[in-house]
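Enquirer: Structure for this input, please:
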Amino acid sequence: MAYRNGTYVAFHANKTKQPTESDIKYLNLLRAWKVRSDDDFKFTDSHAKQAAVRDTSQRATLEASLKTRLRSSKNMVLVIGETTREDTDWVPFEIRYAIDECEIPIIAAYSGRSRIDSPGRLRYLWPRALEIRIDDDRARVIHIPFRQLPLTDAISQFSHAKHPKGGGLGSYSAEAYRSWGIV
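Expert: Residues are numbered from 1 along each chain as shown. Down below sits the predicted model:
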C-alpha cells in the first residue's frame, strides 16, 4: 500500500474549466494558504503527488489516476456547496472509493458557512453517495465550514488511522469555534 500522507480534495467541477465557475477555486485556495509563509496551514496535496491527467483522457485512465491518488491519501476534503449534490459523475465516484475501498475519513467542508453545529440539517446539500454512507454508518465524517482554522485542525487530526467521532455526523464543539474566533 502507498504511503498515506496526502489530503485528497474533491469538488464539483460543474462541467467547466473556468475556475471561477467551479469549486476548483477552493482547491486553489488551499494551495494558496499552503504557500503563504506567514501561515501554519499545512497539507500534502494528493493531486500534486501524481502526474496530471488531461480532461480529454479516457474515463478508465482518469479513474485509475484518481484511485492512485486516493490510495495515497490519509483523508479527503469534500467541498460541499450549493451545487455539489448535482454532480453525478466524479464526486460520487470519489466518495465511494474513499469510503468503501480506502476507508479514509471525509472532511465535509461547506462553502459559505461560518460554522456547522447540526450537520444533519445540511443533508439537502449532500451528494447521494455520501448520504447513503452516512445513513448506513459506513462514513466517518467531520462537518466543518470551509475556513482555514477548522480545515487546519481537521486535516492534521483525522486520517485513515484516526477517524472523527460521531460516525457520519461529527462536528466541532462550540468551544472549538470560540478558540478559532468563530462565533
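
Enquirer: Might you list the low-confidence residue ranges for the chain?
Expert: Low-confidence segments of the chain (pLDDT under 70): 1-2, 15-21, 36-57.

Enquirer: Run a quick check on residue 98 versus residue 76, I expect a contact.
Expert: Yes: assessed by Cβ atoms under 8 Å, residue 98 is found in contact with residue 76 at 4.7 Å. Heads up, the C-betas are built off the backbone N, CA and C, glycines and all.

Enquirer: Identify the contacts common to the two.
Expert: By Cβ atoms under 8 Å, 6 or more residues apart in numbering, residue 98 and residue 76 have these common neighbours: 8, 10, 70, 104, 106.

Enquirer: among these, which are in strands?
Expert: Using DSSP state E, 8, 10, 106 are the members of the shared contacts of residue 98 and residue 76 that sit in strands.

Enquirer: and stretch 84-92, C-alpha only, in CSV?
Expert: The C-alpha atoms that make up stretch 84-92 are tabulated as CSV, following Å, rounded to 0.1, in the frame of the first residue of the first chain:
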residue,chain,number,x,y,z
THR,A,84,-22.3,19.6,-5.1
ARG,A,85,-25.3,17.4,-4.9
GLU,A,86,-25.9,17.8,-8.6
ASP,A,87,-22.6,16.1,-9.5
THR,A,88,-23.5,12.6,-10.6
ASP,A,89,-20.1,11.7,-12.1
TRP,A,90,-16.7,12.2,-10.4
VAL,A,91,-17.7,13.3,-6.9
PRO,A,92,-19.9,10.2,-6.2
